[in-house]
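>>> show me how the following folds:
(one chain, ligands or ions: 1)
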Amino acid sequence: MDSCLDRFIKNFKKIKIGKKTILDWSYHLATKDSKAFEVQHTGTLFKLDLLYSYLDFPYLHIMSRQRQKYNTKLIFLDLYSGNGLNKIKSESSLFLCGSSLLALLCSHNQTIKKQYPCYFDYTVMIDNDKDSITTLYDRCDALTKDLKISNKLKLSNKFETDAQLLTIRGDVINQDFISQLCLWLDSIWQDKIHIMMFVDPGSPGRLSMQTLTNLLTYPGDLIILLHQELFVEMVLKKRYNTDTIQRMLGMNKTDAESLFNKSKAELSRLYVKRFVDTIQGVKIDRLSSGSNYRNVVSSIKIRTDKQTYTLLFATRTTGGKHHETWQKIFSDYNTCIEKLSDAGKTMIGVLKGSQQRVDMY
Ligand SMILES: C[S@@+](CC[C@H](N)C(=O)[O-])C[C@H]1O[C@@H](n2cnc3c(N)ncnc32)[C@H](O)[C@@H]1O
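Numbering: from 1, shown residues only. Now for the predicted structure:
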C-alpha cells in the first residue's frame, strides 16, 4: 500500500519532466490562464493518476518498443479532452493538468528516460466547447515550446497524415464525426496501428454505444469513465426517455423500457455490465496474433463523498512474454487506488503539502 501511495505522490509531485513536476506544470499553466474544468469532487485526481500511471507503465514502455519492431503507429485519442486543466474544488482547490497534457508530459518523460522517441505518432484531442479547444491549443503550444519539442511535434486543427501531429479540434462527438475520424484512421493505417483511447464524457448522455462500437473495431486499449449513479438518477427521475436510453446503451425498445421498473442497484449493475459486454464483444480488425477481442477488462470503483464512478480499462492478451506480469502490476495498483479514493480530500492535502500523513493507514 505504501508503495502505491509513493507512486501516486511521485507521479504528480516528485518526478521532474523538463525541470517541473506535473503539479508545477499545472500551476505554471494556471498562472498564465486560470480557465479550467471545475469539479466539486476528488474523483478526477484518481482518474488522471490511473491514466498517467498506465501510460507510464506498462503502456509506453511496451508500445514504444513495439513501434520500433513493427512500424506501429501509436495514437492517443482523447475524446472529450477538456481545456488542458482541471480545478478540483474540495476543502481547498487544486489545479491539475488534464488527460491530453498528461499524455504529452508522460511521453516526453519516457523519451528523455529511454533516449529514444516515446511520443505518440498522433494525438487527437476533441471537445465540443470551442473556447476550451482554443485554450487547449494554446496550452499545447506553450508546453511544447517550454519542453523544447515544438520542432518535433506539430500542432494542427486538421486531421493530417504527417506523423508527430497533435490534432486539437472543436467537434461534437456524434456519428458524423466518428465516420470522419474513422476515415482518417484508415488513411494512416499502413502496417499496424494502436490507439490508446481515453473516453471521458462527463455525463452518460454524451456518448452513444454505436460511437464506442465503431472505435472498438480498431486495435488499441481503452480507458473509459462511467457515471453509473448519474445514469440511475436520470432513469429513475425519467429524465432520459426510451429513445435516449436506446441510443446510449445500444438496446432495443423493449429492453430500454424495462429499465424504468428496475431498482437502483440493478440499474447501476446493468449500466456497467452493458459497457463491459460491448467492450468484450466487439471484434478488433486486422490482428495477426493474440486475442481478437479485448478480453481483459478491469473495473475500478472511484469513490467520492458524493458519488461512485467506474473506470474501465480494456486490453487484450497478446501472448507476449511479460504480459501477465505487467497486467498483475497494474491491477494491484488499481486495487490500491480504489482504496486511496476513499481518502480523496486527504490526498489533495498531501499534494498541496498541507497534510503530511494519510491516516487511513
Ligand atoms: C469531464 S470533461 C473532460 C475532462 C478531460 N478529460 C480532462 O482530463 O481534463 C468532459 C468534456 O466533454 C466535453 N463534451 C461534452 N459533450 C461533448 C460532445 N458531445 N462532444 C465533444 N465534447 C463534449 C465538455 O465540453 C467537457 O470539456
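>>> where are the low-confidence patches of the stretch 251-361 of the chain?
Under the criterion of pLDDT under 70, the regions of the stretch 251-361 of the chain flagged as low confidence span 355-361.
>>> for it, just list every one of the strands.
With strands called from DSSP state E, counting those that start in this stretch, the stretch 251-361 of the chain shows them at 296-303, 308-315.
>>> just the pLDDT for the residue of the stretch 1-150 of the chain found nearest the ligand.
Closest to the ligand within the stretch 1-150 of the chain is Gly98: 2.4 Å, counting by Cβ to the nearest ligand atom. Every C-beta, even on glycine, is put in place using the N, C-alpha and C of the backbone. The per-residue pLDDT reported for Gly98 equals 98.
>>> ok, Ile22 next?
Taken from the predicted model, the pLDDT recorded for Ile22 is 98.
>>> what's around it, how many residues?
Neighbourhood size, Ile22 [other Cβ atoms under 10 Å]: 24.
>>> with only the CA atoms kept, save stretch 86-100 in CSV.
In CSV, the C-alpha atoms belonging to stretch 86-100 read as follows (Å, rounded to 0.1, in the frame of the first residue of the first chain):
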residue,chain,number,x,y,z
ASN,A,86,-8.9,20.7,-14.1
LYS,A,87,-9.7,22.6,-10.9
ILE,A,88,-10.6,20.2,-8.2
LYS,A,89,-12.6,22.1,-5.6
SER,A,90,-12.6,20.2,-2.4
GLU,A,91,-11.9,21.9,1.1
SER,A,92,-9.1,23.6,-0.7
SER,A,93,-8.8,23.6,-4.5
LEU,A,94,-6.1,22.1,-6.7
PHE,A,95,-5.2,22.7,-10.4
LEU,A,96,-4.2,19.5,-12.2
CYS,A,97,-3.2,19.0,-15.9
GLY,A,98,-5.9,17.2,-17.9
SER,A,99,-5.7,14.0,-19.9
SER,A,100,-4.1,15.4,-23.1
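>>> sorry, back to before: possible to save the strands of the stretch 251-361 of the chain as TSV with mean neighbour count?
Putting these into TSV (neighbours: other Cβ atoms under 10 Å) gives the following:
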stretch	mean neighbour count
strand 296-303	18
strand 308-315	20
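>>> out of those, which is closest to Glu91?
Go through the strands of the stretch 251-361 of the chain one by one with Cβ to Cβ and the one that ends up closest to Glu91 is strand 296-303, at 16.8 Å.
>>> surely the residue of the stretch 1-150 of the chain closest to the ligand and Asn86 touch.
Yes: contact between Gly98 and Asn86 holds when scored by Cβ atoms under 8 Å: they sit 5.5 Å apart.
>>> so Val235 touches Glu266, yeah?
No: at 10.6 Å, Val235 and Glu266 do not qualify as touching, with contact defined as Cβ under 8 Å.
>>> the two: which is more packed in?
Counted by other Cβ under 10 Å, Val235 and Glu266 do not tie: Val235 has more neighbours, with 22 against 12.
>>> angle of the strand or helix carrying that one against strand 308-315?
Under the criterion DSSP states H and E, the helix or strand holding Val235 is helix 228-236. Inter-element angle recorded for helix 228-236 and strand 308-315: 120 degrees (by axes from the mean of the first three to the mean of the last three Cα atoms, to 10 degrees).
>>> poorly predicted segments of the stretch 1-150 of the chain, please.
Flagging of the stretch 1-150 of the chain using pLDDT under 70 yields the residue ranges 1-2.
>>> one more time with 90
Residues of the stretch 1-150 of the chain meeting the criterion pLDDT under 90: 1-5, 41, 66, 68-69, 90-92.
>>> which bits of it sit near the ligand?
Applying Cβ under 6 Å from any ligand atom, one finds that the stretch 1-150 of the chain approaches the ligand through 37, 48, 80-82, 86, 98-99, 126-129, 132.
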